[in-house]
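Q: Could you look at this predicted model? Sequence included:
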Protein chains: 2
Amino acid sequence: MNPDALRGHMDALLLSVLEDEPLHGYAIIEALQERSGGVLSVPTGTVYPALRRLERIGYLSSEWATVGGRKRRTYRLTESGRKQLQGERSAWREFSTVIGSVLRAESAALG
Amino acid sequence: MNPDALRGHMDALLLSVLEDEPLHGYAIIEALQERSGGVLSVPTGTVYPALRRLERIGYLSSEWATVGGRKRRTYRLTESGRKQLQGERSAWREFSTVIGSVLRAESAALG
DNA sequence: AGCCTACACGTAGAAAGTCTACATGTAGAC
DNA sequence: GTCTACATGTAGACTTTCTACGTGTAGGCT
């Protein structure tokens, strides 16, 4: 997967993965991999700064926890973030429709 | 439409628009707008440099023409560009499927 | 003890391409 | 003579991702 293509979609991916439950960075990376069918390998150098950015903006909040002697910073969606996720979803739908129609190549719909 | 989202997809858009017929830069911008239903306004500062880049890589070739007293540089797909367009299309399909499934929000399929 | 892998967070600096803003010029309508 | 559409182009800012590195714990294996 061409890394450049992700630009501008990271926020949506991260918010989406945090929709159901709070997760820490490492788990977020794993969730991204899993949900994408193993295709998405987002490097830590991308995820951690992005999470901090999203927290700074107010879409996420975080707190530290220690589990099994290891420190984790767990992120959760704020109300603002939840709202933003809706926006990201509809933005994605529009984006994907537009690109698809210019390319004359739409992807298969999901069940 | 968030401009950043286009990053990494410009090549596909430009090659796609040139698939059926050669066009000059200004006409390409109009074609992009038209095919996208008026949503895509790609600035000249994006398109012209991108076209030159694609020509440098070998996906496009160009020649000057004068029509109605105005100079145009007309771009056409090379064989290499045509092949690349196929690659861009399948890359887009994969990308859009992956993002869609992580977001749990696929776009509508095109007829 | 020593090594390796998985877990876990983080930063610095490079890289790349798009965007904004500007610069230039013709043709034709009003 | 002014405005809009047509037409191409560059310079520099901007944003964000990526690569590469640094730090440290836990647990298994030999």
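A: It's in.
Q: show me the biggest helix of chain A in terms of residues.
A: In chain A, taking DSSP state H as the definition, the longest helix is helix A:79-103.
Q: contact partners of that one?
A: For helix A:79-103, the surrounding residues in contact (Cβ atoms under 8 Å, 6 or more residues apart in numbering or on different chains) are A:9, A:11-12, A:15-16, A:18-19, A:54, A:58-60, A:77, A:106-107, B:1-2, B:5, B:9, B:12-13, B:16-17, B:32, B:35-37, B:39-40, B:88-89, B:92, B:96, B:99-100, B:103, B:105-108, B:110. Where C-beta positions appear, they are placed from N, C-alpha and C, glycine not excepted.
Q: Which members of those are positioned in helices?
A: Reading helices off the contacts of helix A:79-103 with DSSP H, I get A:11-12, A:15-16, A:54, B:12-13, B:16-17, B:32, B:35, B:88-89, B:92, B:96, B:99-100, B:103.
Q: And the longest helix of chain A, how far out from the chain middle?
A: Put simply, helix A:79-103 sits 13 Å off its chain's centre (Cα atoms, centre = their mean, to the nearest Å).
Q: Now do it and helix B:79-103, the angle between them.
A: 150 degrees (axes from the mean of the first three to the mean of the last three Cα atoms, to 10 degrees).
Q: and the angle for helix A:79-103 with helix B:10-17?
A: Using the same axes, to 10 degrees: helix A:79-103 against helix B:10-17 is 30 degrees.
Q: buried stuff in helix A:79-103?
A: Neighbour counts using 16 or more other Cβ atoms under 10 Å in any protein chain shown place A:81, A:84-85, A:88-89, A:91-103 of helix A:79-103 among the buried residues.
Q: Is it in proximity to DNA strand D?
A: No. Figure legend: helix A:79-103 not in contact with DNA strand D (Cβ under 7 Å from any atom of the strand); closest approach 11.7 Å.
Q: pLDDT of that helix, averaged?
A: Across helix A:79-103, pLDDT averages out at 95.
Q: Just checking it against DNA strand C, any contact.
A: No. Against DNA strand C, helix A:79-103 shows no contacts by Cβ under 7 Å from any atom of the strand, the least distance being 11.8 Å.
Q: ditto for stretch A:7-23
A: No. Contact of stretch A:7-23 with DNA strand C is not found when judged by Cβ under 7 Å from any atom of the strand; the minimum separation is 8.1 Å.
Q: Pull up the gap between A:Met10 and A:Ala105, please.
A: A:Met10 is 24 Å from A:Ala105, where distance means Cβ to Cβ, to the nearest Å.
Q: In stretch A:66-76, which residues are buried?
A: A:Arg72, A:Thr74, A:Tyr75.
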